[in-house]
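1. Please find the sequence and the predicted model below.
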Amino acid sequence: MASSKLFEGIPPFPDDIPTVSMNTVSLTGLRENDAKVVAACKELGFFFLDLRGDSMGDAMIECIDQLFAIGQEIFDLPESVKHQYLHDIPRSFLEYERLLTKTETEEPGRFEWFNLGQDGLMGNADLQALPEFQIATLINHTLAKQLSLPVETFAAAQRPTELSGTVVRFIKAFASPGAQDLRTSMIHHTDFGSITLLANVVGGLQVLTPGDSALDEDAWRWVRPQPGCLIVNLGDAMVQWTGGALRSNVHRIKYPPGEQRFVDRYSLAALFRPERNASMKPKTGQDRAGVEDTDLTAWEWEVKMAMALSRGEAVVESKGGEPVVPLGQAVGAGPGVHYKSYDEFLSAEELAGVMNGKTVAPMVRRFDLEIKRQVKYPDVVIAAYRQEKIEPTRNGGTTVLFSLQQQAIVSQIKGTTTYVDVKTGRPKDIRTLGGGFPALFEGFTKKSERANALRERWELEHPPKAPRAKV
Ligand SMILES: O=C(O)CCC(=O)C(=O)O
Ligand SMILES: [Fe+2]
């Protein structure tokens, strides 16, 4: 990521928009095998890498500042010059393109990019590798170690001196002053390669909550750019090599949020790809949905994926990885946690399957905590859960904390959980699990109807007091 200098003079990133909660790992932590790396790569497929306070990292920050300036100069060139460098699709994605892809609304994208190929930079001789390469190698080593694989497992398939589709990408997403501009600039996608290092200054990058639909606008979270930090995300090749253990997550460029929409957004991405002749066979014994054993080389595998995408056959979805936060962990509950309402419907064995994360795990998808009043001790607080909404793959409700001393609600947590199939990591229609699950769905539907009817009646009988006029 660029230094804090580049953050000066741009409008602030707003504080009141939903941002993604993303782990930060320092470069020192990465060298010292910080366990957060693999955890982040399993859960979200994204993390911040803080380059500051490390000599290589500080040099990289300076280098990124220079690349930002170069990117701006490239895009400022006259159209006629830029057009001499147009992509030669499908043979190559190198060099210049404008409005390359359509967005989900079938409108053209709102960006231009220039992809600088590693092969061109490398020539045949011993030129220096891309500076970002050292970081990618560190990440490759750390991930291999944390997955108990030989340290060179991933790095050996991405040697900088071999032919590959690795590029440094300069991107300019256009300012979005008009109401009609407030849409997607770069369509949602996962990256093809192994590792992407992103440098963002102006906001606009959004990450999809794993397991959710890209069409659900509520499921998108903004990434707040941090000075001195790169955004690291994994691509599909890493999912393939790890048999689905790591996640390649869906992301897109939306218009920059708040006042930032009035400025052009320059960003920089180093997209690492496997060397052309690398084998795409999974390197671990894991076997998950969506990962095929294959004899294809990286080049053949990428062409196959690119063709499927261009024919509209590929579904853009988060691949691999692990459920984000199992409910039991999220509420800090140990094995003794009791899902009272579940055991009305499920057998002991079915309940154990859910509680121990063996079959389907209710994962917290979203929760909004509203603190209404301070609690003064001593007090007794009653927690009650109101079942509000059940869908085949999701459940939602509100937990209310009521203070006996204050005779009032002191806080409430509105949340939804997704039922995630533990084997595939995908949302599961619980009705298809058989046994007591269809009855659970029916029972929860009735509970939701009853609770909502009661709430409506209560609200009718207790209309909110008119606010007092301010004097
Ligand atoms: O500019 C960004 O923040 C994201 C770019 C991106 O996702 C890509 O080029 O693949
Ligand atoms: Fe991307």
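-> Perfect, thanks for sending it. Ligands and ions are numbered 1, 2, ... in the order given.

2. mind checking the SS state of Lys358?
-> coil (DSSP: H, G, I helix; E, B strand; the rest coil).

3. Distance of it relative to Lys423?
-> 10 Å (C-beta to C-beta, to the nearest Å). (Each C-beta comes from the backbone N, C-alpha and C, glycine too.)

4. For the residue nearest the centre of the chain, give me the pLDDT.
-> Nearest to the geometric centre of the chain sits Val207, at 4.0 Å (C-alpha atoms, centre = their mean). We note a pLDDT of 97 for Val207 in this prediction.

5. what do you get for Met363?
-> 80.

6. again, but for Glu79
-> So Glu79 comes in at 83 (pLDDT).

7. same question, Thr161
-> 85.

8. cool, Glu350 as well?
-> In this model, Glu350 carries a pLDDT of 85.

9. likewise Ser92?
-> 57.

10. Could you do Glu459 as well?
-> Confidence score, pLDDT, at Glu459: 76.

11. Same question for Gly120.
-> Reading off the model, Gly120 has pLDDT 61.

12. How about Lys340?
-> Looking at Lys340, the pLDDT reads 57.

13. Checking Lys42 next. Helix, strand or coil?
-> helix.

14. which non-adjacent residue is nearest it?
-> Glu322 (4.2 Å; C-beta to C-beta, 6 or more residues apart in numbering).

15. can you tell me which residues contact the one you found?
-> Contacts for Glu322 (C-beta atoms under 8 Å, 6 or more residues apart in numbering) come out as Lys42, Glu43, Ala245, Arg247, Gly425.

16. any idea how far Glu107 lies from ligand 1?
-> 18 Å (C-beta to the nearest ligand atom, to the nearest Å).

17. same deal with Asp236?
-> 12 Å.

18. neighbours around that residue, how many?
-> Neighbour count for Asp236, taken as other C-beta atoms under 10 Å: 22.

19. The residue lying closest to it once chain neighbours are set aside and ligand 1, how far apart?
-> Of all residues not flanking Asp236 in the chain, Ser248 sits nearest, at 4.8 Å (C-beta to C-beta, 6+ apart). Ser248 sits 11 Å away from ligand 1, going by C-beta to the nearest ligand atom.

20. ok, now how distant is Met355 from ligand 1?
-> 38 Å.

21. Any idea how many residues pack against that residue?
-> Residues near Met355, counting by other C-beta under 10 Å: 23.

22. For it, give me the backbone phi and psi.
-> phi -60, psi -30 (degrees, to the nearest 10).

23. near ligand 1, which residues of the chain show up?
-> Neighbours of ligand 1 within the chain, by C-beta under 6 Å from any ligand atom: Arg169, Ile171, Asp191, Leu198, Asn200, Leu205, His251, Ile253, Ser267, Ala269.

24. Now rank these by neighbours and give me the top one.
-> His251 (27 neighbours).

25. So what does the closest residue in space to it that isn't next to it in sequence look like in phi/psi?
-> Leaving aside its sequence neighbours, His251 sits nearest to Val207 (C-beta to C-beta, 6+ apart; 5.0 Å). For Val207, the backbone dihedrals are phi -120, psi 140 (criterion: degrees, to the nearest 10).

26. bridging residues for Val207?
-> Beta-bridge partners recorded for Val207 (DSSP bridges): Arg221, His251.

27. I'd say it and Val223 touch.
-> Yes - in this structure, Val207 is within contact of Val223 by C-beta atoms under 8 Å, at 6.1 Å.

28. Name the residues contacting each of these two.
-> Residues touching both Val207 and Val223 by C-beta under 8 Å, 6+ apart: Val20, Met22, Phe46.

29. burial of the residue nearest to the first one when sequence neighbours are not counted, as a residue count?
-> In space, not counting the residues next to it along the chain, Val20 is nearest to Arg221; the distance is 3.6 Å by C-beta to C-beta, 6+ apart. By the criterion of other C-beta under 10 Å, Arg221 has 20 neighbours.

30. again with Thr399
-> There are 16 residues near Thr399, going by other C-beta under 10 Å.

31. per-residue confidence at it?
-> 83.

32. Phi first, then psi, for the residue of the stretch 351-471 of the chain found nearest ligand 1.
-> In the stretch 351-471 of the chain, no residue comes nearer to ligand 1 than Gly425, which is 21.7 Å away by C-beta to the nearest ligand atom. Main-chain torsions, Gly425, degrees, to the nearest 10: phi 70, psi 10.

33. Could you give the number of residues near it?
-> Considering only other C-beta under 10 Å, Gly425 is surrounded by 24 other residues.

34. Repeat that for Lys36.
-> 15.

35. Just confirm it contacts Gly29, I think it does.
-> Yes - counting by C-beta under 8 Å, Lys36 touches Gly29, with 7.0 Å between them.

36. Let me see the ranges of the strands in the stretch 301-450 of the chain.
-> 319-320, 360-371, 381-391, 394-403, 408-421 (DSSP state E, counting those that start in this stretch).

37. Give me whichever of the ones you listed is most buried.
-> strand 319-320 (a mean of 28; mean count of other C-beta atoms under 10 Å).

38. Residue of the stretch 1-150 of the chain closest to ligand 1, please.
-> Taking C-beta to the nearest ligand atom, the stretch 1-150 of the chain has Trp113 as its residue nearest ligand 1, at 6.9 Å.

39. List the strands paired with the host helix or strand of that residue, with their directions.
-> Element membership of Trp113 [criterion: DSSP states H and E] is strand 111-117. Applying DSSP bridges, strand 111-117 is found paired with strand 95-98 (antiparallel), strand 167-173 (antiparallel).

40. Relative to ligand 1, which residue of the stretch 101-250 of the chain is the closest?
-> Closest point on the stretch 101-250 of the chain to ligand 1, by C-beta to the nearest ligand atom, is Leu205, at 3.8 Å.

41. Now the helix or strand that contains Ala69 - C-alpha only, PDB.
-> Assigned by DSSP H and E, Ala69 belongs to helix 55-76. Output of helix 55-76 as PDB, limited to C-alpha atoms (Å, rounded to 0.1, in the frame of the first residue of the first chain):
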ATOM      1  CA  SER A  55      13.200  -2.300   5.900                       C
ATOM      2  CA  MET A  56      11.900  -4.300   3.000                       C
ATOM      3  CA  GLY A  57       8.400  -3.200   3.700                       C
ATOM      4  CA  ASP A  58       9.400   0.500   3.900                       C
ATOM      5  CA  ALA A  59      11.200   0.200   0.600                       C
ATOM      6  CA  MET A  60       8.100  -1.400  -0.900                       C
ATOM      7  CA  ILE A  61       5.900   1.500   0.300                       C
ATOM      8  CA  GLU A  62       8.200   3.900  -1.500                       C
ATOM      9  CA  CYS A  63       8.200   1.800  -4.600                       C
ATOM     10  CA  ILE A  64       4.400   1.700  -4.600                       C
ATOM     11  CA  ASP A  65       4.200   5.500  -4.300                       C
ATOM     12  CA  GLN A  66       6.300   5.700  -7.400                       C
ATOM     13  CA  LEU A  67       4.200   3.200  -9.200                       C
ATOM     14  CA  PHE A  68       1.000   5.200  -8.400                       C
ATOM     15  CA  ALA A  69       2.600   8.200 -10.000                       C
ATOM     16  CA  ILE A  70       3.600   6.100 -13.100                       C
ATOM     17  CA  GLY A  71       0.000   4.700 -13.300                       C
ATOM     18  CA  GLN A  72      -1.400   8.200 -13.300                       C
ATOM     19  CA  GLU A  73       1.000   9.200 -16.100                       C
ATOM     20  CA  ILE A  74       0.000   6.200 -18.200                       C
ATOM     21  CA  PHE A  75      -3.700   7.000 -17.900                       C
ATOM     22  CA  ASP A  76      -3.100  10.600 -18.700                       C
END
